[in-house]
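1. fold the following for me, if possible:
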Amino acid sequence: CINSVQLYGPTNASPIIGNVAKMAREALQQQQAKDYFILLLLTDGILTDMQQTIHMIIEASELPMSIIIVGVGDADFSDMERLDSDDRLLSIGNRKAKRDIVQFVPFRDFKNARPDRLAAHVMREVPTQ
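-> Predicted coordinates:
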């Protein structure tokens, strides 16, 4: 069991989102419709590549993938809430996501909860994505 983890920045999410999107795109091209990709990101702070991350999410929104972001610590996660576009689809300029593929969960809300509550919340939106 891991007792302690020290996270540090910069926090760049767009490269890993791009890598998973590439795998999802290749699976589609090979007509492997059964493949679905879920990327789990753990972050302790603000993304340093927010604009690039938004672009990658919009691009990935047409692929068979979901992104789950778990925020750890007491940082301001308002940017993560923006990425989890529950109220309206993520957009930048004239580009708009095809669907909401991001679920953000602040770990601090579940710190003292049973692990199954966190797991249920983390996976809550995936079936509808």
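2. can you give me the buried ones in stretch 40-57?
-> 41, 43-47, 49-50, 52-57 (16 or more other C-beta atoms under 10 Å). Heads up, the C-betas are built off the backbone N, CA and C, glycines and all.
3. I meant stretch 16-25, not that one.
-> Buried positions in stretch 16-25, judged by neighbour count with 16+ other C-beta under 10 Å: 17, 20-21, 24-25.
4. average pLDDT for that stretch, rounded please.
-> Stretch 16-25 carries an average pLDDT of 96.
5. Leu39 reaches Leu63, doesn't it?
-> No: if you go by C-beta atoms under 8 Å, Leu39 and Leu63 don't touch, sitting 11.0 Å apart.
6. looking at the buried residues of stretch 40-57, which are in helices?
-> Under the assignment DSSP state H, these contribute 50, 52-57 to helices.
7. flag the shaky bits of the protein, pLDDT-wise.
-> 1-2, 32-33, 125, 127-129 (pLDDT under 70).
8. centroid residue for it?
-> Note on the chain: the residue nearest the mean C-alpha position is Ile67, at 3.1 Å, using C-alpha atoms, centre = their mean.
9. turn the ones in helices among the buried residues of stretch 40-57 into TSV, columns for distance to Met123.
-> Listed next are those as TSV, based on distance: C-beta to C-beta, whole Å:
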residue	distance to Met123
Met50	25
Gln52	26
Thr53	21
Ile54	23
His55	26
Met56	22
Ile57	19
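10. which ones are touching the closest residue to Ile58 other than its chain neighbours?
-> Excluding its sequence neighbours, the residue lying closest to Ile58 (C-beta to C-beta, 6 or more residues apart in numbering) is Ala97, at 4.8 Å. With contact set as C-beta atoms under 8 Å, 6 or more residues apart in numbering, Ala97 has these partners: 57-58, 61, 85, 89-91.
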